[in-house]
Structures are given as C-alpha cells and as structure tokens.
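Below are the sequence and a predicted model for it; my questions follow.
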Amino acid sequence: MNKELSHIDKAGKAHMVDVSEKPMTIRTALASGRVAFPEAVFAILSEQDFLSAKGSIIQTAVIAGIQAVKKTSELIPLCHQLNLSKVQIDIQPVDNALQIKCMVRCTERTGVEMEALTGVSVSALTIYDMCKALSHDIRILGIQLEEKTGGKNDFSR
C-alpha cells in the first residue's frame, strides 16, 4: 500500500487539499450508526412513541443531523465548503436501539463522507441528550461510512 495522507504536506504540516483541478461529479455518501438503550428504557421510549417533554426525539435528531451536515466544514478544519444537493436522515427503532442512516449528495470536486458521518454523529448525540434523563447507560455505536460514489475511488462496505 503506497498511499499518503492527503491533508499533510511533505513537511508534515496540515493543509487543505487543492481540488481546483478535479472534475465536478455527482458525489454521494451514506453513513450509519446506532444509539443503544437498556431494554427497560427502550420499552418506555417505544410506549411513548419516542416523544419526550422536549418533543419528538426522532424528528429533533433528524433536524439536528441536517443542520450538522450543513456545518461540517466549520466543525472539521480541513473540510471544504460544499454546495449540498440533498441530505436525508432516517432513524428507525431496531433491537433496543435507534438505527441512524445519513445520505448526502452534491455535485462537487470532493466527496461528502465527512458530511454523512457528521450527520449520523450529531443525530446520535441529540438522541443521547434527549434521553439521558432516563439513563446514562445509553451507548452510541458503530458510526461508519457505508458507501461513497462519484470520486476517484468508490467504496461500499
């Protein structure tokens, strides 16, 4: 494997990658993760249709994730600002957990993996924040890139 870190120059200093010579293509990325609850807590949340005194846990997490996707370049220092075409966050209850998927699309010179991962991460943190009064034994698990397309190298897990 003869790969180099793209955000480190020959002198070992951090820099933002110059993408000006790359072609504009449709870029997509899908990331996922989950928020796992103790069984009793998940039962309570399910019975309440994932509604809390603060509002809909799932819808609040979706909105927070979308906002985070749009702010990724402000949060991660070497990310490019991107003109996003679509952000879709889906959160579903599965096996005492909420499964989160975030799909991001744009037509740009660089990919949207970090945006998709950020969307899942902030959605998960929002769920934790809204549910922590019931238990601190809530775990955020398995945040990962599932697939990306449109760049030099496509990826699918």
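Structure's in. What do you need?

where are the low-confidence patches of this protein?
When the per-residue scores of the chain are filtered using pLDDT under 70, the ranges that remain are 1-2.

Helices of the protein, residue ranges please.
With helices called from DSSP state H, the chain shows them at 39-47, 57-70, 72-75, 113-131.

can I get the ones you listed in TSV with mean neighbour count?
Backbone N, C-alpha and C define where each C-beta goes, glycine included. Rendered in TSV, the data for the helices of the chain read as follows (neighbours: other Cβ atoms under 10 Å):
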stretch	mean neighbour count
helix 39-47	14
helix 57-70	20
helix 72-75	15
helix 113-131	24
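
Just list the residues touching T60, thanks.
54, 126, 130 (Cβ atoms under 8 Å, 6 or more residues apart in numbering).

I'd like the distance between it and L84.
Distance, T60 to L84, by Cβ to Cβ, to the nearest Å: 21 Å.

Equivalent analysis for A61, please.
19 Å.

repeat for Q92
Here the criterion is Cβ to Cβ. By it, Q92 lies 23 Å from L84.

The two - which one has more neighbours?
Set Q92 next to L84 and count neighbours by other Cβ atoms under 10 Å: L84 wins out with 18 against 11.

Could you give the number of residues near the closest residue to that one other than its chain neighbours?
Distances taken as Cβ to Cβ, 6 or more residues apart in numbering put C106 closest to L84, at 5.0 Å, once the chain neighbours are dropped. C106 has 22 neighbouring residues, counting by other Cβ under 10 Å.

Going forward, count from 45.
New numbering, starting at 45: the last item is C150.

M68 is in contact with C150, correct?
No. The pair C150 and M68 does not pass the contact test of Cβ atoms under 8 Å, sitting 9.4 Å apart.

Just to check, F86 is in contact with C175?
No. F86 lies out of contact with C175 (Cβ under 8 Å); the separation is 9.6 Å.

Let me see the ranges of the strands in the protein.
69-80, 95-96, 99-100, 128-138, 141-152, 183-193, 199-200 (DSSP state E).

Name the nearest residue to I110, ignoring sequence neighbours.
Spatial nearest neighbour of I110, excluding adjacent residues (Cβ to Cβ, 6+ apart): V131 at 5.0 Å.

residues contacting F94?
For F94, the set of contacting residues under the criterion of Cβ under 8 Å, 6+ apart consists of 100-102, 137, 142.
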